[in-house]
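>>> no sequence on hand, only this structure:
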């Protein structure tokens, strides 16, 4: 299991997957789905999960500002993003990240319960890498989580976010 | 099997997946991998594959210019792109598509034999949705093709490219 990082300051050398999700139930359903898939769990064991519940805090962390000024830990390698969040919402986070020369290469996948065509268009227009719907039920959550991580971590080649 | 469209002018109502690939061997290995995976083959049977071997022609088609001026058929829903191509190369195709307000939402996945860090960074910086390496061998090609289409056509929500 990718262990949960309590604070961005705690990270040593492990690559980080950031999850920006305010809903506890959704977040823990996601974590349980990873744990239930043994092969996936193994594959992700070198990674750390870092969760933010608030869009402003997540941006502060990614942009290394406010309380995260001076943080030397590497940038995360992947972001999973809910859309409706306290603080800056997910749409605006995509927009800001994809316009930022240092962060634009970072893969961002939206995982939301919004099937609104306007949200889908807006996120792709802002440059999101892909858009997934939060599945209902344990088994569909497992399938989605498996497809998501297999595709991005076993097949896709990710950019080097920390190369400047 | 998604049938091969001989010409963009032949399409009626089927959603189109565009493959921009100049190498015959790679293209047919890809098509054979789809055919060999029955579940995938079924899933894609409503789609048409449209292949371009030249970057300039592909851009002319996507931008509806030159010989494709006046073409009324809908835009493709997905693009699979090789990098080294005659005419405009794949990097520049990503750049042009992602800067075009009408085409920027269109998901573009690179499938290339280049593992060059500079190609990977450039494509992500230009806004590619993801980047895959051409696998060696039949079985790894099948796995990659399966992961690619399952992720994008069974789990991801694609934008409506034709909504303007």
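Looks like it came in fine. All values reported here derive from a predicted model rather than from experimental measurement.
>>> can you give me the helices in chain A?
A:24-36, A:38-43, A:55-63, A:90-99, A:117-126, A:138-149 (DSSP state H).
>>> pipe these into JSON lines and attach mean neighbour count, mean pLDDT and distance to residue B:87 per row.
Every residue, glycine included, has its C-beta placed from N, CA and C. Below are the helices of chain A laid out as JSON lines (neighbours: other CB atoms under 10 Å in any protein chain shown; pLDDT from 0 to 100; distance: least, CB to CB, whole Å):
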{"stretch": "helix A:24-36", "mean neighbour count": "16", "mean pLDDT": "94", "distance to residue B:87": "44"}
{"stretch": "helix A:38-43", "mean neighbour count": "14", "mean pLDDT": "86", "distance to residue B:87": "39"}
{"stretch": "helix A:55-63", "mean neighbour count": "20", "mean pLDDT": "97", "distance to residue B:87": "38"}
{"stretch": "helix A:90-99", "mean neighbour count": "21", "mean pLDDT": "98", "distance to residue B:87": "28"}
{"stretch": "helix A:117-126", "mean neighbour count": "19", "mean pLDDT": "98", "distance to residue B:87": "26"}
{"stretch": "helix A:138-149", "mean neighbour count": "18", "mean pLDDT": "96", "distance to residue B:87": "34"}
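>>> possible to save those as CSV with distance to residue B:102?
Output for the helices of chain A, formatted as CSV (distance: least, CB to CB, whole Å):
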stretch, distance to residue B:102
helix A:24-36, 34
helix A:38-43, 38
helix A:55-63, 29
helix A:90-99, 18
helix A:117-126, 11
helix A:138-149, 29
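>>> distance to chain B for the ones you listed - can I get that in a markdown table?
Below are those laid out as a markdown table (distance: least, CB to the nearest CB, whole Å):
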| stretch | distance to chain B |
| --- | --- |
| helix A:24-36 | 13 |
| helix A:38-43 | 13 |
| helix A:55-63 | 16 |
| helix A:90-99 | 7 |
| helix A:117-126 | 4 |
| helix A:138-149 | 5 |
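>>> OK, contacts around residue A:163?
Counting by CB atoms under 8 Å, 6 or more residues apart in numbering or on different chains, residue A:163 touches B:117, B:121.
>>> does residue A:63 really touch residue A:100, like I thought?
Yes: using CB atoms under 8 Å, residue A:63 is in contact with residue A:100, at 7.4 Å.
>>> excluding chain neighbours, give the residue nearest to residue A:161 in space.
Counting by CB to CB, 6 or more residues apart in numbering or on different chains, the nearest residue to residue A:161 once its immediate chain neighbours are dropped is residue A:75, at 4.6 Å.
>>> look up how far residue A:159 lies from the one you found.
11 Å (CB to CB, to the nearest Å).
>>> can you check residue A:14 too?
18 Å.
>>> more neighbours, the two?
residue A:159 (20 against 16; other CB atoms under 10 Å in any protein chain shown).
>>> tell me which residues touch the more buried one, please.
A:105-107, B:120-121, B:124-125, B:131.
>>> what's the per-residue pLDDT of it here?
Per-residue confidence (pLDDT) for residue A:159: 97.
>>> backbone phi and psi for it, please?
The phi/psi pair for residue A:159 (degrees, to the nearest 10) reads phi -70, psi 170.
>>> with residue A:54 instead?
phi -140, psi 130.
>>> how about the most far-flung residue of chain A relative to its centre: what's its closest non-neighbour residue?
In chain A, the residue that sits farthest from the middle, by CA atoms, centre = their mean, is residue A:70; the gap is 22.0 Å. Nearest non-adjacent residue to residue A:70, counting by CB to CB, 6+ apart: residue A:64, 7.6 Å away.
>>> just give the number of residues close to residue A:101.
Counted with other CB under 10 Å, residue A:101 comes out at 8.
>>> and for residue A:130?
Count around residue A:130 with other CB under 10 Å applied: 24.
>>> please read off the pLDDT at residue A:44 from the model.
88.
>>> that one: neighbour count?
Count around residue A:44 with other CB under 10 Å applied: 20.
>>> so how far is residue A:2 from it?
Residue A:44 is 4 Å from residue A:2, by CB to CB.
>>> overlap in contacts of the two?
By CB under 8 Å, 6+ apart, the residues touching both residue A:44 and residue A:2 are A:17, A:34.
>>> now do the end-to-end distance for stretch A:120-134.
13 Å (CA to CA, to the nearest Å).
>>> next, the contact list for residue A:108, please.
A:79, A:81, A:93-94, A:97-98, A:127-129.
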